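Asker: Sharing a model that was predicted from the sequence below.
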Amino acid sequence: MKPFYLFLAFCLVYSIQVQSQVKPIKSSDRKIEFNFSDPDEITIPKWMEKGDFYQVMVHNINLNNYRVEMTIKDSVYYSSAIDFPVFGSIDISSLEGVVKELSASEIEPIAAQQSLEFADNIPEQIREFLEKQQAQVRVESEKFKALTDRIDEERFDIMIFKVKAKSETADFDLTDFKIDEKIKAFEQIKTELSSLNSSYSKDFKAFTDFFQQSDIIDFFKGDIGPVTQLKQEKEKTEKAYSTLKAGLSKAITQISTDNVNKILTSVIHLYTNNTFTSLPIQFTGDEAELKMSFIPKDSASNLQVYHLSPVKFGKSPWYWAVGPGMYFSGLSNERVGFETINVTDSTQQFKVLEENPQEGEIGVSALFHAGRRFRLGSLYVGIHASVGTGVSLGEDIRARMLYGGGLSFGEKNHLVIDVGWARGYVDVLAKEFEEGLPEGMFTEKPSVLVQDLDTSWFISVGYMFSF
């Protein structure tokens, strides 16, 4: 029996060391996967232990069409909306309004008599300068409008591709989207905008420098003759320059290198199905389950909402737990009786009587079970090793060591049946009385029985709860 005891002790020490070690568990080892385009089956880890991390992977899903929402017990996780990057429309209505004001009427010529009243014919100089500047603003505004129209055309093409991506029935070929041509178009627009902005800056600087001359400033301090008219035209021209500058700044920002890169890159990936991968999620055990919904991002599309039935996680097939029970063992105890004979009032003698031995014993047990469960249809059956202690409930209460193995039935609440060996002290006849009980009378009760360590079989029925 010694080798068996040594093996049992080794197993117990090894299991304690394994339980005490903390091993990092990679979520890549635990994945819930299925194909969104062909959702006939789903892959679930065979089992997970409490504290394990896992990931959810959905293959062949267009994340520009659907938002993935996961509900895990009381927590809700969802993929953030992937907004399709597009260029906003550039509002040039204010610029057009200002230009129309400039084109509505020309600056009236300054009367010769009025002009002569000022040195160096300043009113006429201002009028000619303003006419030249207003003409230049009109030209630059027309160029800017043409460039915004081209930006809108490119924007419209991209929006068409976006609409096609949202339609399941759209006959779409990614090769129809000429990336190289789009890059060249945006680069050309960007170059022309830069050139127009340089021209605007040069003209506006000339405009500012002209009206900062001391004699021009002195002229506008007055309020007679053509001053009022020229001042109004100056303000119109200045407003046109300011409006043009705002439009140019917005357009240049919208077709910056970063923005063009984002929109063209997104178009490349827009029409191919991708894989949704969640961040690692911790398995909390017990009744944890996963629910998933796939919700169209565009409520106006013809895409339907999909809901995945709750996914139950498989549990670890290994279990360990302590449970109480009742046992019956084959340990037996010899028994003898004594007859008391009163010789005199103050003297007694004893005679040894033969009694039937106590065959077997009943007791209570507390066993530690460690094993693996299997699923047979709707029934969970486990096979395990067991070790623990027992207490006999015979004439004398004695401790027992129980070890063996058995079966468990149930998922959480288990009916446990164990068989094995019971070892403990029992009463046996002393060696001097092995040939037979002593005869005759004794003045004191003889020590006929002694305790000896013995081993026998046992069978136990009990209860166990496992997580």
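Answerer: Yep, that arrived.
Asker: just the helices in this protein please.
Answerer: 2-20, 93-104, 112-116, 122-165, 179-210, 214-220, 227-254, 257-270 (DSSP state H).
Asker: Can you tell me which of these is nearest to Trp318?
Answerer: helix 2-20 (10.7 Å; C-beta to C-beta). Yep, even glycine has a C-beta here, placed from its N, CA and C like the rest.
Asker: For that closest one, what does the pLDDT average out to?
Answerer: Mean pLDDT, helix 2-20: 51.
Asker: try stretch 331-343
Answerer: 73.
Asker: Ok, stretch 377-393 next?
Answerer: Rounded mean pLDDT across stretch 377-393 is 91.
Asker: and that stretch, C-alpha only, in PDB?
Answerer: In PDB, the C-alpha atoms belonging to stretch 377-393 read as follows (Å, rounded to 0.1, in the frame of the first residue of the first chain):
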ATOM      1  CA  GLY A 377     -27.600  13.900 -23.900                       C
ATOM      2  CA  SER A 378     -29.200  16.100 -21.300                       C
ATOM      3  CA  LEU A 379     -27.400  14.500 -18.400                       C
ATOM      4  CA  TYR A 380     -24.000  15.500 -17.000                       C
ATOM      5  CA  VAL A 381     -21.900  12.700 -15.700                       C
ATOM      6  CA  GLY A 382     -18.600  13.200 -13.900                       C
ATOM      7  CA  ILE A 383     -15.800  10.800 -13.100                       C
ATOM      8  CA  HIS A 384     -13.500  11.800 -10.200                       C
ATOM      9  CA  ALA A 385     -11.000  10.800  -7.600                       C
ATOM     10  CA  SER A 386     -11.900  11.500  -4.000                       C
ATOM     11  CA  VAL A 387     -10.200  11.800  -0.700                       C
ATOM     12  CA  GLY A 388     -11.400  12.900   2.700                       C
ATOM     13  CA  THR A 389     -12.400  12.000   6.200                       C
ATOM     14  CA  GLY A 390     -15.200  10.000   7.800                       C
ATOM     15  CA  VAL A 391     -16.600   9.600  11.300                       C
ATOM     16  CA  SER A 392     -18.100   6.200  12.200                       C
ATOM     17  CA  LEU A 393     -21.400   6.200  14.000                       C
END
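Asker: quick revisit: and the helices of the chain as a markdown table, adding mean neighbour count and distance to Gly405?
Answerer: Listed next are those as a markdown table, based on neighbours: other C-beta atoms under 10 Å; distance: least, C-beta to C-beta, whole Å:
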| stretch | mean neighbour count | distance to Gly405 |
| --- | --- | --- |
| helix 2-20 | 10 | 11 |
| helix 93-104 | 15 | 87 |
| helix 112-116 | 12 | 121 |
| helix 122-165 | 17 | 62 |
| helix 179-210 | 15 | 68 |
| helix 214-220 | 13 | 108 |
| helix 227-254 | 17 | 75 |
| helix 257-270 | 15 | 58 |
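Asker: Least reliable of the ones you listed by average pLDDT, please.
Answerer: helix 112-116 (a mean of 42).
Asker: Let me know which of the helices of the chain is the nearest to Gly330.
Answerer: helix 2-20 (17.7 Å).
Asker: rewinding a little: closest to Leu303 out of the helices of the chain?
Answerer: Comparing the helices of the chain by C-beta to C-beta, helix 122-165 comes nearest, at 11.3 Å.
Asker: Thanks a lot, see you next time.
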